[in-house]
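J.: give me a 3D structure for the following:
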Amino acid sequence: MTTNASLGGAMSIGRDIVPPHVIPRASVVQPFYRRLLPGDTVRLMAGSEIIVVLPARGDAPRRGEADARPLHYRKLFENLMYHTLRGLSPGDDRTSVVDAAIREHHTLIRGGKPCIEFACRVKHYAEREQFERDVLSLSAVKYSWSQGAGINLSVCGYTTQRTIMLEFKHVGYLEVYGRVHPQSPGRIR
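T.: Okay, here's the model as predicted:
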């Protein structure tokens with residue numbers, strides 16, 4: 001079974017680990033996090049601390065359904081977790097290692113159903129300058145959208161060698177929370 005202490009131990013086996021948020025065990029239930037609208041999400045900067053919440057897992061969606069997006073992201077997060085944790089529990093199979101980490105560190109119960117939350121940092125965001133312009137070309141936005149533009153996220157407590165691309169076109173299917181700046185409650189850190 002994996003613990004936060006053993007996650008830190010991953011550094012001793014040659015992996016760089018993304019540091020946690022300033023707030024230990026960052027969670028969306030804490031009052032200084034608020035849900036970001038898609039417009040807020042495109043304004044995030046490198047280093048911004050966010051929490052991505054994947055909805056409760058239901059029945060497996062049929063191909064092409066909108067509900068497939070959270071499942072896609074769950075697989076991305078699980079792959080990143082396993083890449084980090086596999087050396088810490090070499091005798092355990094992939095499912096048990098990942099499930100234990102999710103159960104112990106990422107599960108949030110809402111409405112009687114388990115959701116999964118991941119504290120992340122924005123690593124980089126190539127299109128940010130383009131989207132900050134006063135005069136924004138609609139064709140440029142559509143092109144970026146269709147090409148999978150998004151934000152690369154480093155997941156706190158896991159390897160820096162891999163990131164998760166949060167595509168802007170999928171933001172509406174997930175929940176993204178930002179930490180509100182204490183001196184300016186409307187501003188995200």
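J.: ok, residues contacting the strand ranked longest in the chain?
T.: If you go by DSSP state E, the chain has its longest strand at strand 113-124. Outside of strand 113-124, the residues within contact range by Cβ atoms under 8 Å, 6 or more residues apart in numbering are 18, 20-21, 26-28, 44-57, 74, 77, 102, 106-109, 151-157, 163-164. The way it works is simple: take the backbone N, C-alpha and C, and place the C-beta from them, glycine included.
J.: filter the residues you listed down to the buried ones, ChimeraX style.
T.: With 16 or more other Cβ atoms under 10 Å as the burial test, the buried ones among the contacts of strand 113-124 are selected in ChimeraX as follows:
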select :18,20,21,26,27,28,44,48,49,50,51,52,53,54,55,74,77,102,106,108,151,152,153,154,155,156,157,163,164
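J.: got the CA coordinates for the longest strand of the chain in CSV?
T.: Output of strand 113-124 as CSV, limited to C-alpha atoms (Å, rounded to 0.1, in the frame of the first residue of the first chain):
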residue,chain,number,x,y,z
LYS,A,113,-20.8,8.8,-4.7
PRO,A,114,-17.0,8.8,-4.9
CYS,A,115,-15.3,11.4,-7.1
ILE,A,116,-11.5,11.5,-7.6
GLU,A,117,-9.6,14.8,-7.2
PHE,A,118,-6.0,15.5,-8.2
ALA,A,119,-4.0,18.5,-7.0
CYS,A,120,-2.1,19.8,-10.0
ARG,A,121,0.1,22.6,-11.1
VAL,A,122,0.0,24.3,-14.5
LYS,A,123,3.3,23.3,-16.2
HIS,A,124,2.9,25.2,-19.4
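J.: rounded mean pLDDT for that strand, please.
T.: Strand 113-124 shows an average pLDDT of 92 in the prediction.
J.: quick one: strands adjacent to it?
T.: strand 49-54 (antiparallel), strand 107-110 (antiparallel), strand 150-155 (antiparallel) (DSSP bridges).
J.: mind checking the longest helix of the chain?
T.: helix 68-85 (DSSP state H).
J.: buried stuff in the helix or strand just after that helix?
T.: Where DSSP states H and E defines the elements, the next helix or strand beyond helix 68-85 is helix 94-105. Buried positions in helix 94-105, judged by neighbour count with 16+ other Cβ under 10 Å: 97, 98, 100, 101, 102, 105.
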